[in-house]
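1. what would the 3D arrangement of this be:
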Amino acid sequence: MATAQEFFDGLPARVSPERIAGMSNTYVFEITDVGTWTVTLADGTLTVSEGASPGADCTISATEESFQKIVAGEQNPTTAYMTGKLKIKGDMGAAMKLQKLF
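-> Numbering: from 1, shown residues only. Have a look, this model is predicted:
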């Protein structure tokens, strides 16, 4: 299972431009005790930077264990959210679009 750092480092190469065409959102991922990353989608382009970007559409927070289970498909993101393992602040509509990335 990849670490959060490895996941974000490899994310741009794993997401095809067709999957994110028409999306223009910014997400901040806060992984407890590991780090914070900003993922920016701009009509077919995905960039990742370390740290939080002001003005992001939403902020997603989780422990590294929960995050790893979600990205590995071992944990349903909706269930994780409902049980408090995944926290979302901001635009829920933008958060729902993240399903295109995973």
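2. who is the residue positioned nearest the centre of the chain paired with across the strands?
-> By C-alpha atoms, centre = their mean, the mean C-alpha position of the chain lies nearest to Phe29, the distance being 5.6 Å. Here Phe29 sits in beta bridges with Trp37, Ile60, going by DSSP bridges.
3. was I right to think it contacts Thr40?
-> No - look at Phe29 against Thr40 with C-beta atoms under 8 Å: they stay out of range, at 11.7 Å. All C-beta atoms are positioned from the backbone trio N, CA, C, and that covers glycine.
4. how about the strands in the chain?
-> Remark: strands assigned in the chain by DSSP state E are 24-32, 35-42, 45-50, 58-63, 86-90.
5. turn the ones you listed into a markdown table, including distance to Pro12 and mean pLDDT.
-> Output for the strands of the chain, formatted as a markdown table (distance: least, C-beta to C-beta, whole Å; pLDDT from 0 to 100):
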| stretch | distance to Pro12 | mean pLDDT |
| --- | --- | --- |
| strand 24-32 | 14 | 97 |
| strand 35-42 | 9 | 96 |
| strand 45-50 | 5 | 96 |
| strand 58-63 | 18 | 97 |
| strand 86-90 | 22 | 97 |
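6. any chance of the ones you listed in JSON lines, with distance to Ile70 too?
-> JSON lines is the format used below for those (distance: least, C-beta to C-beta, whole Å):
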{"stretch": "strand 24-32", "distance to Ile70": "11"}
{"stretch": "strand 35-42", "distance to Ile70": "14"}
{"stretch": "strand 45-50", "distance to Ile70": "17"}
{"stretch": "strand 58-63", "distance to Ile70": "7"}
{"stretch": "strand 86-90", "distance to Ile70": "7"}
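7. and the residue nearest to the centre of the chain, what is it in contact with?
-> Neighbouring residues of Phe29 by C-beta atoms under 8 Å, 6 or more residues apart in numbering: Ala4, Phe8, Thr36, Trp37, Thr38, Val39, Thr59, Ile60, Ser61, Ala62, Phe67.
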